[in-house]
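*Asks:* sharing a model prediction with you, sequence too.
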Amino acid sequence: MTTTTGPLATRRLMLQGAASVALLGLGNLPFAAAPAHAAANDKYPEAAFRQKSEADAIKALYGKTAEPSDKVKLDAPEIAENGGVVPISVTTTLDKVTSISFFVAENPNALAASYGIPDGTVPGVANRLKMAKTTNVVAIVEADGKLYSATREVKVTVGGCGG
Amino acid sequence: MASSIRVRATANGDITEVQALIQHPMDSGFVKDSKGSLIPAHFIQELKFECNGKDVFVADWGPAVSKDPYVKFSFKGAKKGDDLKISWTDNKGASDTTTAKIS
């Protein structure tokens, strides 16, 4: 028995050690590295998706504020008959784009989608979003470490969140 | 089981245009069913496109993305015949993966 418990016990200890190290690592991460690369890394930005207002969501996702830019072209319908499926796309002539995000100002949670744009990918994306009611849609483009935005109002006739 | 992901990837010169359509309820957690009880949130959180061992497009989605989501983007550096790998995971831990040939 003693011959088998010995190695097992050591193994268990090592596992415990590894687990606590992993936990420590996880605990430290959000504070150390969260805002800087929140949109571009592979961790799901849970906190940003939970923010109610658009400003808070931008802050939680990027940790900085955006300036309006005419180099961000946001395409959205003027009137959306079905708020459940609103086609929205963005293109930009900006260089070194690392991420693109969409916010719907008066949805229950403002952040709708955030896309990481790796090197070599054309900075532009088209998708379909739900909108609870008539409100502003904001697209944020992160380029060379700065944030640029474009805003458009979309009128919604039938809400997309079952209101 | 048929894949939940439908993809069309077309190479035109150096640029490959990708369109993807995924079957998913994308329940937001704010909608009530006919009995008046809330349908729990069920939506895709992460969606990734990989080509030649490199991420070419990464999406983080919230519940505001429409049911049966559609997404379109383009990237450089691939050619006809290359494999494009698409995978998603949702908030309940479900996932799906498929591979498409670039045409």
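*Replies:* Arrived safely.
*Asks:* hey, what's the residue at minimal distance from the centre of chain A bridged with?
*Replies:* For chain A, A:Ser114 is the residue whose C-alpha lies nearest the centre (C-alpha atoms, centre = their mean; 3.7 Å). Listed by DSSP bridges, the beta-bridge partners for A:Ser114 are A:Ser101, B:Asp60.
*Asks:* next SSE after the helix or strand of chain A with the lowest mean pLDDT?
*Replies:* In chain A, the helix or strand scored least confidently by mean pLDDT, DSSP states H and E is helix A:2-33, which has a mean of 48. Under the assignment DSSP states H and E, the closest C-terminal helix or strand after helix A:2-33 is helix A:46-50.
*Asks:* ok, B:Gly77 - contacts?
*Replies:* A:Gly120, B:Asp14, B:Cys51, B:Asn52, B:Lys54 (C-beta atoms under 8 Å, 6 or more residues apart in numbering or on different chains). For the C-beta atoms, the positions are set from N, CA and C on the backbone; glycine is no exception.
*Asks:* for it, phi and psi?
*Replies:* When quoted as degrees, to the nearest 10, the phi and psi of B:Gly77 stand at phi 100, psi 0.
*Asks:* I'd assumed A:Lys59 was in a helix, is it?
*Replies:* Yes: with the criterion set as DSSP: H, G, I helix; E, B strand; the rest coil, the secondary structure at A:Lys59 is a helix.
*Asks:* returning to that earlier point: give me the buried subset of the contacts of B:Gly77.
*Replies:* Buried by 16 or more other C-beta atoms under 10 Å in any protein chain shown: B:Cys51, out of the contacts of B:Gly77.
*Asks:* tell me, what's the model's pLDDT at the most far-flung residue of chain B relative to its centre?
*Replies:* Farthest-out residue of chain B from its mean C-alpha position, per C-alpha atoms, centre = their mean: B:Lys35, at 31.0 Å. Looking at B:Lys35, its pLDDT is 92.
*Asks:* likewise A:Gly84?
*Replies:* Reported pLDDT for A:Gly84: 93.
*Asks:* just give me the neighbour total for it.
*Replies:* 22 (other C-beta atoms under 10 Å in any protein chain shown).
*Asks:* in a helix, it, correct?
*Replies:* No: according to three-state DSSP, A:Gly84 belongs to no helix; its state is coil.
*Asks:* now the strands for chain B?
*Replies:* Remark: strands assigned in chain B by DSSP state E are B:5-12, B:15-22, B:44-51, B:54-61, B:70-76, B:83-90, B:95-101.
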